[in-house]
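S.K.: let me see the structure of the following:
(one chain, ligands or ions: 1)
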Amino acid sequence: MPPNDHNDRDRIYAQARDYVSEFEFDESVARVFDDMISRSVPGYRTVIAMLGVIAQRYSRPGSTIYDLGCSLGAATSAMRRHLPFDDCAIVAVDNSPAMIAKARDNLRTQHSPVHVSFRCEDIMTTEITHASIVVMNFTLQFIEPKDRFEMIKKIFDGLLPGGVLVLSEKIFFEDAVRQNRMTELHHAFKRANGYSDLEIAQKRSALENVLIPDDISTHQARLELAGFRTVDVWFQCFNFVSLLAQK
Ligand code: GEK
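M.R.: Sure thing, here's the model as predicted:
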């Protein structure tokens with residue numbers, strides 16, 4: 001495959017299917033993932049670019065930075081470019097072998113003294129220690145709701161004092177009118193990016209029991225219960241947000 005195959009156009013749900021199975025981060029998704037996420041998540045490129053700025057501000061010498069659910073390594077790459085300390089290390093984790101293989105490939109050509117180790121494992125089992133920054137960029141939404149507190153608490157415990165968690169998520173609004181308005185705007189965004197109504201509907205049904213969004217107050221309460229001192233929404237576009245939580 002050509003080295004830039006991750007730039008392929010996402011046409012996974014373009015044809016009508018008799019049965020839409022549950023969404024999986026398999027080889028076919030990994031191949032088109034960069035295109036898929038950029039055309040599906042409003043503000044994705046901005047969030048990735050700002051992770052570089054956040055990494056520059058909150059990294060500490062000799063600390064570890066975690067990218068949990070790293071997919072093709074976009075967040076890792078942005079942070080690595082901006083880290084002011086050569087002795088930081090990045091741990092990038094994903095449980096999809098196809099994603100990890102491509103992430104490894106993508107980062108191979110990036111010149112930086114900062115070491116990156118890729119791990120193909122469930123982030124529920126990842127040990128977090130001596131962390132200045134932990135990034136979960138649109139990943140917690142795929143973790144079973146009953147396991148989410150345990151995950152956040154583990155991150156809190158593994159962060160250094162003053163360390164930060166960047167948590168980006170699709171969110172759900174309790175208020176039905178607001179939920180409809182934001183969902184409509186999200187779908188309008190996808191249509192504007194070339195997705196058909198069929199693609200939008202089939203992808204939505206594939207994700208139905210896989211991506212389970214929380215509302216913003218659930219996120220905030222969970223982070224505070226885990227012990228985070230401050231929780232700020234630093235980015236929002238329609239029903240997608242990113243939070244900065246500091247220990
Ligand atoms: C980005 N952060 O480009 N353990 C490990 N990985 C997991 C797990 C798990 N339990 N569950 C899901 N994943 C990336 C985008 S995508 C977001 C993240 C999206 C992985 C899954 O394999 C996928 O690669 C990633 O989390 C979610 O900044 O597709 O909306």
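S.K.: drop to CA atoms for contacts and neighbour counts, all remaining ones
M.R.: OK.
S.K.: was I right about P42 contacting F235?
M.R.: No: P42 lies out of contact with F235 (CA atoms under 8 Å); the separation is 10.8 Å.
S.K.: out of these two, which sits in the busier spot?
M.R.: P42 (21 against 15; other CA atoms under 10 Å).
S.K.: I65: what's it in contact with?
M.R.: 59, 88-91, 131-135 (CA atoms under 8 Å, 6 or more residues apart in numbering).
S.K.: so it is in which element?
M.R.: strand 64-68 (DSSP states H and E).
S.K.: next, give me the two most distant ones among the contacts of I65.
M.R.: Spatial extent of the contacts of I65 (CA to CA) is set by the pair C88 and V135 at 14.9 Å.
S.K.: so which of these two has more stuff around it?
M.R.: V135 (25 against 21).
S.K.: wait, a strand at the more buried one?
M.R.: Yes: assessed with DSSP: H, G, I helix; E, B strand; the rest coil, V135 lies in a strand.
S.K.: bridging residues for it?
M.R.: Per DSSP bridges, the residues bridged to V135 are D67, V166.
S.K.: ok, it to S96 distance?
M.R.: Distance, V135 to S96, using CA to CA, to the nearest Å: 17 Å.
S.K.: coming back round to it: a markdown table for the contacts of I65, including distance to the ligand and pLDDT?
M.R.: Formatted as a markdown table, those follow (distance: CA to the nearest ligand atom, whole Å; pLDDT from 0 to 100):
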| residue | distance to the ligand | pLDDT |
| --- | --- | --- |
| S59 | 18 | 98 |
| C88 | 20 | 97 |
| A89 | 17 | 98 |
| I90 | 14 | 98 |
| V91 | 12 | 98 |
| A131 | 17 | 98 |
| S132 | 18 | 98 |
| I133 | 14 | 98 |
| V134 | 11 | 98 |
| V135 | 8 | 98 |
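S.K.: so which of those residues are in strands?
M.R.: Counted as lying in strands by DSSP state E, out of the contacts of I65, are 89-91, 131-135.
S.K.: phi and psi next, for E224.
M.R.: When read as degrees, to the nearest 10, the backbone of E224 gives phi -70, psi -40.
S.K.: count the neighbours of it for me.
M.R.: Each residue near E224 was counted by other CA under 10 Å, and the total is 17.
S.K.: and the strand holding I65, average pLDDT?
M.R.: Averaged across strand 64-68, pLDDT comes to 98.
S.K.: got the angle between that strand and strand 131-137?
M.R.: For strand 64-68 against strand 131-137, the angle by axes from the mean of the first three to the mean of the last three CA atoms, to 10 degrees is 10 degrees.
S.K.: against which helices or strands is the longest helix along the chain packed?
M.R.: Secondary structure of the chain per DSSP state H: the longest helix is helix 176-192. In terms of contacts (3 or more CA pairs under 8 Å, 6 or more residues apart in numbering; DSSP states H and E), helix 176-192 is packed against helix 27-40, helix 197-207.
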